[in-house]
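Trainee: Sequence and predicted structure, then a few things I'm wondering about:
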Amino acid sequence: MSTNISIHALDAIDRTILRLLQADSSLSTPQLAEQVALSVTPCWRRLKRLEEQGFITGYQAQLNRRKLGLDILAFVQLTFGVVTDKSIQRFEETILQRPEVLSCHKVTGQADYLLQVVAPSLDAYSDFVETVLRGTPGISLIHSSLALREIKASSQLPVA
């Protein structure tokens, strides 16, 4: 899989394919081909090339978290007081295994990490904080912000 190819190497049809698949990843190759005005085989080839070049990394359905009973959405800033390679590695390995953590980013600024976490209730979120975060050596500060209302939630990237 090549990662050196930039968006600038893609033509208008490639970019349209990316936009369409972001909007609806269930589009079949014939449906996609029709929308980009190509026959099925050239469209399929472009799709495979976009996958091989790493522009498309997977396909998934977008689920409604509230319908799944995940009413709590928290943004958590974590600061490590004592930083060792071992504590950071252990923390990152733990976070990778936690399904309630939607995203985790090492960031600049006052915090070291920013997490996006979902939970069915405040009690469940509290349990996560107490057992997972407070149980992690080196974390000195946990700052949680709970979402009161979701204005926009999207994983679609702007494809020019």
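Mentor: Good, I have the coordinates.
Trainee: going forward, measure contacts between C-alpha atoms and count neighbours the same way
Mentor: Fine.
Trainee: mind checking the backbone torsions on the spatially most central residue of the chain?
Mentor: To find the centre residue of the chain, average its C-alpha atoms and take the closest one (C-alpha atoms, centre = their mean): that gives residue 103, at 5.6 Å. Comment: the main-chain dihedrals of residue 103 come out as phi -150, psi 150, following degrees, to the nearest 10.
Trainee: same deal with residue 113?
Mentor: The phi and psi torsions at residue 113 (degrees, to the nearest 10) take the values phi -140, psi 150.
Trainee: now swap in the one 3 residues further on and tell me
Mentor: Note on residue 116: its backbone torsions stand at phi -120, psi 120 [degrees, to the nearest 10].
Trainee: Quick check: beta-bridge partners of it?
Mentor: Taking DSSP bridges, one finds residue 75, residue 103 as the beta-bridge partners of residue 116.
Trainee: Tell me who's in contact with it.
Mentor: In this structure, residue 116 makes contact with 73-76, 101-104, judged by C-alpha atoms under 8 Å, 6 or more residues apart in numbering.
Trainee: again, only this time at 10 Å
Mentor: Neighbour list for residue 116: 73-77, 100-105, 144-146 [criterion: C-alpha atoms under 10 Å, 6 or more residues apart in numbering].
Trainee: on that earlier part again, what separation do you get for the residue nearest to the centre of the chain and residue 44?
Mentor: As defined by C-alpha to C-alpha, to the nearest Å, residue 103 lies at a distance of 31 Å from residue 44.
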